[in-house]
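Chemist: Below is the structure, and that's it, no one-letter string:
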């Protein structure tokens, strides 16, 4: 919340940080890998029975359904359609484990979903980009997917390496320190992500309101639908983490993969996208409690 406020109230700092966003996203991946550690990641990858299926549905099935819907309604070439597709194609944000803790859910399962989703992202995103009419030619899609994979692998390897070197078996104090580093990294990135909103709020407040409405509708709609669909199934025990993963996606990953001209129309949306995510533990506890405990 402090990062959101700083990004809106300190526009000069936000504008200074904005050009560094791709590098900060890569740094955040490193910090996330440092916090998770290779042992937890290996545990997540080992539990593939439900995890990979969930990731395939969330990161491949949902965006493909969205693509079909926007084609059906004739809006496939609009910025809103691109925002919908990219938001649903991204993996869960690195801070999803913190959201799970704040909502009283299983953070270990949430970490598994986030790790698996991030690892699988270059594979699941490729067909989505290929079918999206606004991304470009096949070569551009392949280049984007390879770049995403390189950034994820490089940042993750660095984080795991530092963890194995400095914190092979971290104590509770070190874990809290790493959690603090993750929160600080998020705060700094959010300041930069708010930069496009500052000018837009002054010149086009209605446009900002519409983008914010779309962001809330996508994020909270996906969370509510996931809870409703899964709460009476065999996946009831992971319905909460999967709902968080469904509605809190790391769309900032595309900042390091797609050309600036493709993302230019979406910069305001990317800023607005942070609002429902950071407000989830404040606005949605009753939804999670009702869906998971009262049903």
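Modeler: On my side now, so go ahead. All values reported here derive from a predicted model rather than from experimental measurement.

Chemist: Please, which helix or strand holds residue 278?
Modeler: helix 267-283 (DSSP states H and E).

Chemist: Could you list every helix and strand that that helix packs against?
Modeler: If you count contacts as 3 or more C-beta pairs under 8 Å, 6 or more residues apart in numbering; DSSP states H and E, helix 267-283 packs onto helix 2-9, helix 79-89, helix 96-102, helix 172-193, helix 195-203, helix 205-230, helix 239-247. The C-beta positions use only the backbone N, C-alpha and C, and glycine is treated the same way.

Chemist: Past the shortest one, which element shows up next along the chain?
Modeler: Right, the one you point to is helix 96-102. In N-to-C order, the element after helix 96-102 by DSSP H and E is helix 107-131.

Chemist: circling back: in the helix holding residue 278, what's buried?
Modeler: 267-278, 280-281 (16 or more other C-beta atoms under 10 Å).

Chemist: quick revisit: how about the helices and strands packed on helix 267-283 in JSON lines, adding mean pLDDT, distance to residue 149 and mean neighbour count?
Modeler: Listed next are the helices and strands packed on helix 267-283 as JSON lines, based on pLDDT from 0 to 100; distance: least, C-beta to C-beta, whole Å; neighbours: other C-beta atoms under 10 Å:
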{"stretch": "helix 2-9", "mean pLDDT": "74", "distance to residue 149": "28", "mean neighbour count": "17"}
{"stretch": "helix 79-89", "mean pLDDT": "94", "distance to residue 149": "15", "mean neighbour count": "23"}
{"stretch": "helix 96-102", "mean pLDDT": "78", "distance to residue 149": "21", "mean neighbour count": "22"}
{"stretch": "helix 172-193", "mean pLDDT": "78", "distance to residue 149": "21", "mean neighbour count": "17"}
{"stretch": "helix 195-203", "mean pLDDT": "78", "distance to residue 149": "27", "mean neighbour count": "18"}
{"stretch": "helix 205-230", "mean pLDDT": "94", "distance to residue 149": "25", "mean neighbour count": "17"}
{"stretch": "helix 239-247", "mean pLDDT": "94", "distance to residue 149": "20", "mean neighbour count": "28"}
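
Chemist: Among these, which comes closest to residue 34?
Modeler: The closest of those to residue 34 is helix 172-193. By C-beta to C-beta, the value is 6.3 Å.

Chemist: Mind giving me the packing neighbours of that closest one?
Modeler: helix 2-9, helix 11-17, helix 21-46, helix 96-102, helix 267-283.

Chemist: Please repeat the previous calculation with a cut-off of 6 Å.
Modeler: helix 2-9, helix 11-17, helix 21-46, helix 267-283 (3 or more C-beta pairs under 6 Å, 6 or more residues apart in numbering; DSSP states H and E).

Chemist: how big is the angle separating it from helix 2-9?
Modeler: 20 degrees (axes from the mean of the first three to the mean of the last three C-alpha atoms, to 10 degrees).

Chemist: contacts for helix 172-193?
Modeler: 2-4, 6-7, 14, 17-18, 21, 24, 28, 31, 35, 95, 167, 270-271, 274 (C-beta atoms under 6 Å, 6 or more residues apart in numbering).

Chemist: Tell me the helix or strand right after the helix or strand residue 50 falls within.
Modeler: Secondary structure assignment for residue 50, by DSSP H and E: helix 48-56. Sequence order places helix 62-72 as the next helix or strand after helix 48-56, per DSSP H and E.

Chemist: can you give me the mean pLDDT across that following helix?
Modeler: The average pLDDT within helix 62-72 is 95.

Chemist: on that earlier part again, now the helices and strands packed on helix 267-283 as TSV including distance to residue 262?
Modeler: Shown next, in TSV, are these (distance: least, C-beta to C-beta, whole Å):
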stretch	distance to residue 262
helix 2-9	23
helix 79-89	8
helix 96-102	26
helix 172-193	17
helix 195-203	15
helix 205-230	17
helix 239-247	24
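
Chemist: Out of the buried residues of helix 267-283, flag the one nearest to residue 209.
Modeler: Looking across the buried residues of helix 267-283 and measuring by C-beta to C-beta, the closest to residue 209 is residue 272, at 9.0 Å.
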